[in-house]
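[1] how would this look folded up:
(one chain, ligands or ions: 1)
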Amino acid sequence: MATERTFSILKPDATRRNLTGAINAKIEAAGLRIVAQKRIHMTTQQAETFYGVHRERGFFRDLVTFMTSGPVVVQVLEGENAIAKYREVMGATNPANAAPGTIRKEFAESIEANSAHGSDSAENAAIEIAYFFAGCEIVG
Ligand code: GDP
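    Sure thing, here's the model as predicted:
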């Protein structure tokens, strides 16, 4: 197994309810290291670019409005198999389908306000990390 980096967002529903520490505790308990982290308020343009793959989906406008509705915490997580591991720690997109103990099962409000984002592939992790972080901001 290889050490990987993945990109994470703690979404506006998590910052609004003061849950970033509780979610970080789950991340760290899973053996992932938070090697970069900052709190930002995404612009509409950033959210549209970040979720560009969903541009044609019916929920795209709502998703962009949600992601810009409050601050988020963007992160780089590092560890063995970090990309797949974090997807597991987050749980299914729809909290109704998420496994017990996962971030989305415990904290998500809805399929949209589902508390966390994690990259779905090594290729996307590299693109997403580079979109939000300079190399010198990532300290392993
Ligand atoms: P993820 O990789 O598990 O985050 O899921 P996707 O890449 O399929 O979707 C990206 C994000 O869009 C999800 O995390 C949700 O915030 C949102 N989303 C996905 N499906 C729906 C939906 O059916 N309705 C709404 N309103 N939002 C959705």
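[2] Pull up the residues of this protein that are close to the ligand.
    Residues of the chain that fall close to the ligand, judged by C-beta under 6 Å from any ligand atom: F59, D62, L63, T93, I111, E112, N114, H117, D120. Backbone N, C-alpha and C define where each C-beta goes, glycine included.
[3] Apply 8 Å and report the result again.
    Within the chain, the positions lying close to the ligand (C-beta under 8 Å from any ligand atom) are 11, 51, 53-54, 57-59, 62-63, 66-67, 87, 90, 92-94, 110-114, 116-118, 120.
[4] Now G79: which helix or strand?
    Element membership of G79 [criterion: DSSP states H and E] is strand 72-80.
[5] And the helix or strand immediately after that strand in the chain, how far out from the chain middle?
    Sequence order places helix 82-90 as the next helix or strand after strand 72-80, per DSSP H and E. Computed by C-alpha atoms, centre = their mean, to the nearest Å, the chain-centroid distance of helix 82-90 equals 10 Å.
[6] Toward the C-terminus, what is the element adjacent to helix 82-90?
    Per DSSP H and E, the first helix or strand lying C-terminal to helix 82-90 is helix 103-107.
[7] Paired strands for the following helix or strand past that next one, with orientation please.
    Following helix 103-107 in sequence order, the next helix or strand is strand 116-118 (DSSP H and E). Applying DSSP bridges to the sheet, strand 116-118 is found paired with strand 3-10 (antiparallel).
[8] partners of the strand holding G79 in the sheet?
    Going by DSSP bridges, the partners of strand 72-80 are strand 3-10 (antiparallel), strand 33-40 (antiparallel).
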